[in-house]
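**Student:** here is a sequence with its predicted model. Questions after.
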Amino acid sequence: MQQLPTVKPKASKEASAGKRLPYARLLDERTVETRDGLLMQVIHLAGLPFETADSETLNYRKAVRDVMLRGLASSRFAVYHHVVRREARVGTQGAFADGFSARLDAEWSERLAGRKLYVNDLFLTIVRRPLQGQGGLIDKALRLAKGPAQSAGQKAQDRRELDAARDGLVSALAPYGARVLSQYEGANGACSEPLEFLSCLYNGEMRPVLVPQGDAGEYLPYRRVSFGHETLELSRAGALARSFASIVSVKDYPAQTTPGMLDDLLRLPCEMVVTQSFGFVDRQPTLDRMNLALRRMRAADDDAVSVKADLIRAKDDVVSGRAAFGEHHLSVLVRGESLDGLDQSTAEVMSAFTEMGAIAVREDVNLEPAFWAQFPGAFKDIARRALISTANFAGFASGHNFPVGKALGNHWGPAVTLLETTSAGPYHFNFHKGDLGNFTIIGPSGSGKTVVLNFLLAQAQKYAPRTVFFDKDRGAEIFLRAIGGRYEVLRPGQATGFNPLALEDTPANRRFVADWAARLVAQPGESLTPDDLARIKDAVDANYDQAPKLRRLRCFAELFKGARRPDAADLFARLAPWHGAGEHAWLFDNADDGLDLSAATLGFDMTQLLDDPALRTPAMMYLFHRVEQRLDGHPTLIVVDEGWKALDDDVFVARIKDWEKTLRKRNGLVGFATQSAQDALESRIASAIVEQAATQIFMANPKAQAKDYCEGFGLTEHEFELVRSLPDTARCFLIKHGTDSVVARLNLSGSPELLTVLSGRESTVRKLDALRERLGDAPEAWMAKLLKEAA
């Protein structure tokens, strides 16, 4: 990368901080005017998730940023890019009715409070200024000659051109979550977001700033900044303790730039402000400086062939319009609570620059001007600058960031929980994207899938939802009982108490009973005839004409008897296994319907039905129908372990999309969990579930197959490699939620009692059986003893 560095030492005089800040006033809600007439606006960027993106995507985004910057290529514009890395003061929110969820939340909140988590706030400032160079002198003279009236007209034109340039940036940066900072109504009056940003650069914290009536620069400082040899000190102010800072500046640039040159800085465990400025240089001055550099090399008989070739190539790009250049500076203000801690953090920042091939220095003589050079519009304070291309700047100012999720204002209110990412940042986890909340969680045995799933459900109890869990291998039984839920294990030969024929007489129930009965008599690979379907409908109508005590399967079967000569394949014969002494009579041939869904939390272990579609499908039809009847707008969580197998039937293929839409309209969501991505994708309902999933969670899986994860679930190649390479002991997993893609960690080591409840190990379930038989079902009766025995 070709750059032409210059260093201008600065001498400072003691002056009030407000006078050193160049800002005069707010011209409108979005525009700040400096004392020398420059106009500027600030764009906040949520950032582009880069950690899980593949190289092709990152290169494409860099090329788009380059084109965007070239669209501004006039010395009338300058762009600043800031990354404010700060410690996040975060925690979980919500009240919990059951003791276990409350305990888990308290322990998790305490654990988070002991961690230092950081977030990165990204800002892009666009500055409108007069033409630079000789053209600028002529432009300035013309403005002075035109007088005040013409000057006001010129300012209005400048503002229009600034607005147009800003709109172009916001449009191009839409994938980065671009939002223009403006004015809003605070508790004590109108507040200015642009001034909050500028105040943060000076004072070190983001807090509301009321719209000032006087000079904006004088209004912003509320801390004293004292400059030493290579360290500056920020005074105590209110709740803010005294702190220290250093500034690291780039002295020599790397030979080339790549997307996300500064991404390593976004992971460092310290607070900092990364400042870059890029003042566009017009085409002719750029060519003049390149020609001068070439002449000097020839005069010095410099043999740097590659540098000459780079300069000649850069000249050709400028002439052809393929590149634009500007003056760039890059500094990092590193914050620390102590001098020793500051020195350590500063060394880590300098090491990061060394790793990327740049030479960085800790400012001493130029410490004060380097501090003021952080502020947009303070061009005179920039001591170290270099001429670089827009492509180079697009590599430095990447807009990359780690997703943080959405803490408040979600479909059900506050976030479900707060997780820690592998970048030492917070991630506010939600099931919902808009009003769509369906989710999937995929992970092999031993990956921690059960713990993560039950943890999320425990945290979701803050919404006081109805929770229905269709379980496998009783993995969630301990957890569901711990939060006060009822749990039933469906065992062949043991009466379930299910009796769909006893449902209330409504048109919807009659339609359902007809569909359910048709499923009981259906033969694999065959469809019922219209005559059979008509007979079933008539039988359902007749069922509801009978006394309640006669509405059971053995009586229902009699309605098909005698209509025609007995046949082994007739409807009466097909119903024989389902009633009386039939092998499946335990499932539905019950005198009364004992299925009570009034409890807030219900669990059904479906293990012994999953491998038998003849039993599984009608049972799931009935349970889902009853659950759907309970949907009334109250938050409802439905979880199906090995859901792809549980619903792998043509009956559900035809209905799953409509059913998911019904859930969505009635404020419910469904989560599907599985151990095998391949088995899930081979299910007939796979596409419907994947398409309707707002959130996908992938546990570590070293045996993952690209065909399943990339083609089936839509992971990028890099996301897939992350899933394969995550250590199975790291307690990490990949979350895909909308445009977010992040690796999070759930580390509950040191909390064996929580893990006992969440993990659902077979040995612990057996201990629970013995305790419940002796002490009863109430969790307060058996919980302490179970935890003691499992320890």
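**Tutor:** Sure, I can see it. Residues are numbered from 1 along each chain as shown.

**Student:** outline the domain layout of the chain.
**Tutor:** Domain assignment for the chain, taken from automatic domain parsing, gives 6-88+118-401, 405-495+596-749, 497-594, 761-791.

**Student:** mean pLDDT added to the ones you listed, as a markdown table?
**Tutor:** As requested, these are exported to a markdown table (pLDDT from 0 to 100):
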| stretch | mean pLDDT |
| --- | --- |
| domain 6-88+118-401 | 91 |
| domain 405-495+596-749 | 94 |
| domain 497-594 | 92 |
| domain 761-791 | 93 |
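
**Student:** which one of those lies nearest to F96?
**Tutor:** Taking C-beta to C-beta, domain 405-495+596-749 is the member of the domains of the chain nearest to F96, at 5.3 Å. Where C-beta positions appear, they are placed from N, C-alpha and C, glycine not excepted.

**Student:** L124 is in what secondary structure piece?
**Tutor:** Using DSSP states H and E, L124 sits in strand 118-128.

**Student:** oh sorry, the question was meant for R481
**Tutor:** Short version, using DSSP H and E: R481 is in helix 477-482.

**Student:** look at F375 and give its secondary structure.
**Tutor:** Secondary structure state of F375, per DSSP: H, G, I helix; E, B strand; the rest coil, is coil.

**Student:** residue contacts, it?
**Tutor:** F375 sits next to 21-22, 198, 201-202, 381 when contact means C-beta atoms under 8 Å, 6 or more residues apart in numbering.

**Student:** show me what the strand holding L124 is packed up against.
**Tutor:** On a contact count with 3 or more C-beta pairs under 8 Å, 6 or more residues apart in numbering; DSSP states H and E, strand 118-128 meets strand 39-45, strand 77-87, helix 133-172.

**Student:** pick the most deeply packed of those.
**Tutor:** strand 39-45 (a mean of 23; mean count of other C-beta atoms under 10 Å).

**Student:** got the angle for that one vs strand 77-87?
**Tutor:** Counting by axes from the mean of the first three to the mean of the last three C-alpha atoms, to 10 degrees, strand 39-45 lies at 40 degrees to strand 77-87.

**Student:** what lies in contact with the following helix or strand past strand 39-45?
**Tutor:** Heading C-terminal from strand 39-45, the first helix or strand you meet, by DSSP H and E, is strand 48-49. By C-beta under 8 Å, 6+ apart, the residues outside strand 48-49 that reach it are 61, 175-176, 398-403, 739-742.

**Student:** helices and strands around the helix holding R481, which ones?
**Tutor:** Checking 3+ C-beta pairs under 8 Å, 6+ apart, helix 477-482 ends up next to helix 449-459, strand 466-471, strand 486-489, strand 601-605, helix 752-759, helix 762-775, helix 779-790.

**Student:** so P613 makes contact with D649?
**Tutor:** Yes. With contact defined as C-beta atoms under 8 Å, P613 reaches D649; the gap is 6.1 Å.

**Student:** neighbour count for those two, which is higher?
**Tutor:** Set P613 next to D649 and count neighbours by other C-beta atoms under 10 Å: D649 wins out with 20 against 16.

**Student:** now do the contacts for the closest residue to A415 other than its chain neighbours.
**Tutor:** Using C-beta to C-beta, 6 or more residues apart in numbering and skipping the chain neighbours, the partner closest in space to A415 is H428 (3.7 Å). Contacts for H428 (C-beta under 8 Å, 6+ apart) come out as 90, 404-407, 415, 417-418.

**Student:** hmm, 10 Å instead?
**Tutor:** Applying C-beta atoms under 10 Å, 6 or more residues apart in numbering to H428 gives the contacts 90, 92, 403-408, 410, 414-419, 740.

**Student:** so it sits in a helix?
**Tutor:** No. Looking at H428 with three-state DSSP, it is strand, so not inside a helix.

**Student:** partners of it in the sheet?
**Tutor:** In this structure, H428 bridges to G405, L418 when assessed by DSSP bridges.

**Student:** coming back round to it: from the chain's centroid, how far away is the helix holding R481?
**Tutor:** Helix 477-482 sits 29 Å away from the centroid of its parent chain (C-alpha atoms, centre = their mean, to the nearest Å).

**Student:** deepest of the domains of the chain, which one?
**Tutor:** Comparing the domains of the chain by mean neighbour count (mean count of other C-beta under 10 Å), domain 405-495+596-749 ranks first with a mean of 20.

**Student:** and it, how far out from the chain middle?
**Tutor:** 17 Å.

**Student:** and stretch 66-82, by the same measure?
**Tutor:** Relative to the centre of its chain, stretch 66-82 is centred 29 Å away, using C-alpha atoms, centre = their mean.

**Student:** can you get me the start-to-end distance on that stretch?
**Tutor:** End-to-end distance of stretch 66-82 (C-alpha to C-alpha, to the nearest Å): 18 Å.

**Student:** could I get the contacting residues of the nearest residue to A476 once chain neighbours are set aside?
**Tutor:** In this structure, A476 finds its nearest non-sequential neighbour in F469, 5.2 Å apart by C-beta to C-beta, 6+ apart. F469 makes contact with 453-454, 457, 475-477, 479-480, 485, 487, 601-606, 637-641, 671, 673, according to C-beta under 10 Å, 6+ apart.

**Student:** find residues that contact each of P613 and D649.
**Tutor:** Residues touching both P613 and D649 (C-beta under 10 Å, 6+ apart): 519, 620.

**Student:** could the domains of the chain be laid out in CSV, adding distance to W108?
**Tutor:** Rendered in CSV, the data for the domains of the chain read as follows (distance: least, C-beta to C-beta, whole Å):
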stretch, distance to W108
domain 6-88+118-401, 16
domain 405-495+596-749, 7
domain 497-594, 37
domain 761-791, 17
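
**Student:** perfect, that will be all.
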